[in-house]
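>>> Please work out how this folds:
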Amino acid sequence: MDPGEDAYSCFQAETDDGMPFAAALGEHGVSRLFVGGLATDYCVRVTVLDALKEGFEVVVLEDASRAVDVKPGDGERAMAEMIAAGARRVHLSDLTA
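Numbering: from 1, shown residues only. Model (predicted):
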């Protein structure tokens, strides 16, 4: 939420009034997150793992995410780590069927 600060996870952010992101979501009754974006092996991975640590149910939108794959297979290894930690993976079509 600070354009002058880099972070891999949205859970490293605070609201304008200093509330941690996880607390702000909880205050609004959010319990499940759908996560997609760039890059599966960096920001998506860290955000998903942080969300799980905060107690959220997490669904990774596999076809709405792409890996950088600096080393071939980084994206699949990241996905496997997220699934092993408790995330669920879906395709967008699974949600609209």
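>>> Now do the helices in the chain.
For the chain, applying DSSP state H gives helices covering 21-27, 45-53, 74-85, 92-96.
>>> which of those sits most buried?
Highest mean neighbour count among these (mean count of other CB atoms under 10 Å): helix 45-53, with a mean of 21. C-betas here are computed from N, CA, C, even on glycine.
>>> relative orientation of that one and helix 74-85 in degrees?
Interaxial angle, helix 45-53 versus helix 74-85 (axes from the mean of the first three to the mean of the last three CA atoms, to 10 degrees): 0 degrees.
>>> who touches helix 45-53?
With contacts defined as CB atoms under 8 Å, 6 or more residues apart in numbering, helix 45-53 is touched by 8-12, 22, 33, 35, 58, 60, 78, 81-82, 85-87.
>>> Run the chain-centre distance for that helix.
Mean-position distance between helix 45-53 and its chain equals 6 Å (CA atoms, centre = their mean, to the nearest Å).
>>> CA atoms of that helix as PDB?
Extracted in PDB, the C-alpha atoms of helix 45-53 (Å, rounded to 0.1, in the frame of the first residue of the first chain):
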ATOM      1  CA  ARG A  45       3.800 -17.900  -3.300                       C
ATOM      2  CA  VAL A  46       4.700 -15.600  -0.400                       C
ATOM      3  CA  THR A  47       1.200 -14.000  -0.300                       C
ATOM      4  CA  VAL A  48      -0.400 -17.500  -0.200                       C
ATOM      5  CA  LEU A  49       1.900 -18.800   2.500                       C
ATOM      6  CA  ASP A  50       1.400 -15.600   4.600                       C
ATOM      7  CA  ALA A  51      -2.400 -15.900   4.200                       C
ATOM      8  CA  LEU A  52      -2.400 -19.500   5.300                       C
ATOM      9  CA  LYS A  53      -0.200 -18.600   8.400                       C
END
